[in-house]
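Visitor: following is a predicted model, sequence given first.
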Amino acid sequence: MTELIMSSASNLRRAHDPAIKLACGLIGIFVCGCTSPSFPAIEGSPMPKRQVAAFLKVATPSSAYDTAPKFVNGYAPFYPEDQAQTRKQGYAVIAFNVTEDGTTSDVRLLLVTDYAFGQEAVIAVQSWRFTPAQKNGRPVKVRAQIPFTFHA
């Protein structure tokens, strides 16, 4: 199995094909269990839970909750189509509420290098689901932030 992964990785360096990148990434995730922040999310694919946990910042004062929200599922934002020609990098910081039922609400841009990147990040976060924050065993709404970096 190791030879197959190493062979795929050398083909990836030569071909630079998005399909091969995706296949190698999925092999790495499912065979190795690699979902660390050093393994970036692939646009439109499920966000790695460890990556969200590493970068999610709860903005609500800690006295308002006992247990922070935990990411359950959601997808990585897409690279904006209108930026594909320029192939530039982008950055967006999104703020949002994690509600008592684990959905997101009031999703807003805090910082963005280009509006198109922010728009894609907002669209992605709107469908994310969390285990809600808790205070005294009851779910509570909290405000959170997360950064996104876009690479062509």
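Guide: Yep, that arrived.

Visitor: in which helix or strand does Pro147 reside?
Guide: In this structure, Pro147 sits in strand 142-150 according to DSSP states H and E.

Visitor: okay, that strand in CSV with CA atoms only?
Guide: Output of strand 142-150 as CSV, limited to C-alpha atoms (Å, rounded to 0.1, in the frame of the first residue of the first chain):
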residue,chain,number,x,y,z
VAL,A,142,-22.2,31.7,20.8
ARG,A,143,-20.4,34.0,18.3
ALA,A,144,-17.4,32.4,16.5
GLN,A,145,-14.8,33.3,13.9
ILE,A,146,-12.8,31.4,11.4
PRO,A,147,-10.2,32.4,8.7
PHE,A,148,-10.0,31.0,5.2
THR,A,149,-7.1,31.1,2.9
PHE,A,150,-7.7,30.5,-0.9
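
Visitor: give me the distance from that strand to the chain's centre.
Guide: Centroid separation between strand 142-150 and its chain, computed with Cα atoms, centre = their mean, to the nearest Å, is 9 Å.

Visitor: that one - what's its average pLDDT?
Guide: For strand 142-150, mean pLDDT is 97.

Visitor: buried residues of it, list them for me.
Guide: Neighbour-count burial for strand 142-150 flags 142-146, 148, 150 (criterion: 16 or more other Cβ atoms under 10 Å). Yep, even glycine has a C-beta here, placed from its N, CA and C like the rest.

Visitor: which residues sit against it?
Guide: Here strand 142-150 makes contact (Cβ atoms under 8 Å, 6 or more residues apart in numbering) with 52, 55-60, 64-65, 68-69, 77, 79-80, 83, 89-98, 110, 117, 120-121, 125, 132-133.

Visitor: can you flag the buried ones in those residues?
Guide: Neighbour-count burial (16+ other Cβ under 10 Å) applied to the contacts of strand 142-150 gives 52, 56, 58, 60, 65, 68-69, 77, 79-80, 83, 90, 92-98, 117, 120-121, 125, 132-133.

Visitor: identify the residues contacting the closest residue to Glu120 other than its chain neighbours.
Guide: Nearest non-adjacent residue to Glu120, counting by Cβ to Cβ, 6 or more residues apart in numbering: Pro77, 4.1 Å away. Neighbouring residues of Pro77 by Cβ under 8 Å, 6+ apart: 43, 120-121, 123-125, 148, 150.

Visitor: right, I'll leave it there.
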